[in-house]
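**Student:** fold the stuff below for me.
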Amino acid sequence: MIDLLARKVIAGQDRYHKRWHPMSVRDVDYMQQILEETADDIFDAPREHGFELVDHPPSWALEAWPWPRVYGRTDDEYEQAD
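**Tutor:** Presented below is the predicted three-dimensional model:
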C-alpha cells in the first residue's frame, strides 16, 4: 500500500507458509527503495502499474501485527539474533 501524497510505501503483505503476513518495517523500507529506483512514476500514475485507488486503507493494513513475530520475518532487532 502506498500513500500517493506522501510518496511513501506504508504497508504491505508477504505470502509464505501458504498465508499472508504483514511485511516487516525493514521489508516496507526495501519496497520503498525498489519503487524509487525502478518505478518512481508509480506515485504519479499508479493505475498504469496495476494499483487500485481506494479512499480508505484495507482492513489487513489496520490489523495489529501478530505477536510473537515469526522468526526470520521480523524487524532488525530480531533478525540480528542469527
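**Student:** what's the weakest-modelled helix or strand in the protein?
**Tutor:** helix 76-79 (a mean of 50; mean pLDDT, DSSP states H and E).
**Student:** please name the residues that touch the most centrally placed residue in the chain.
**Tutor:** Taking Cα atoms, centre = their mean, the centroid of the chain lies closest to G12, which sits 2.5 Å from it. Applying Cβ atoms under 8 Å, 6 or more residues apart in numbering to G12 gives the contacts 1, 22-23, 27-28, 31. C-betas here are computed from N, CA, C, even on glycine.
**Student:** only alpha carbons, please: show the longest helix seen in the chain as CSV.
**Tutor:** When the chain is parsed with DSSP state H, its longest helix is helix 25-38. Extracted C-alpha coordinates of helix 25-38, given in CSV (Å, rounded to 0.1, in the frame of the first residue of the first chain):
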residue,chain,number,x,y,z
VAL,A,25,9.3,-2.4,8.7
ARG,A,26,12.6,-3.4,7.0
ASP,A,27,10.7,-5.0,4.1
VAL,A,28,8.5,-1.9,3.7
ASP,A,29,11.6,0.3,3.6
TYR,A,30,13.1,-2.0,1.0
MET,A,31,9.9,-1.9,-1.1
GLN,A,32,10.2,1.9,-1.0
GLN,A,33,13.8,1.8,-2.2
ILE,A,34,12.8,-0.5,-5.1
LEU,A,35,10.0,1.8,-6.2
GLU,A,36,12.2,4.9,-6.0
GLU,A,37,14.9,3.2,-8.1
THR,A,38,12.8,1.4,-10.7
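**Student:** cool, thanks, signing off.
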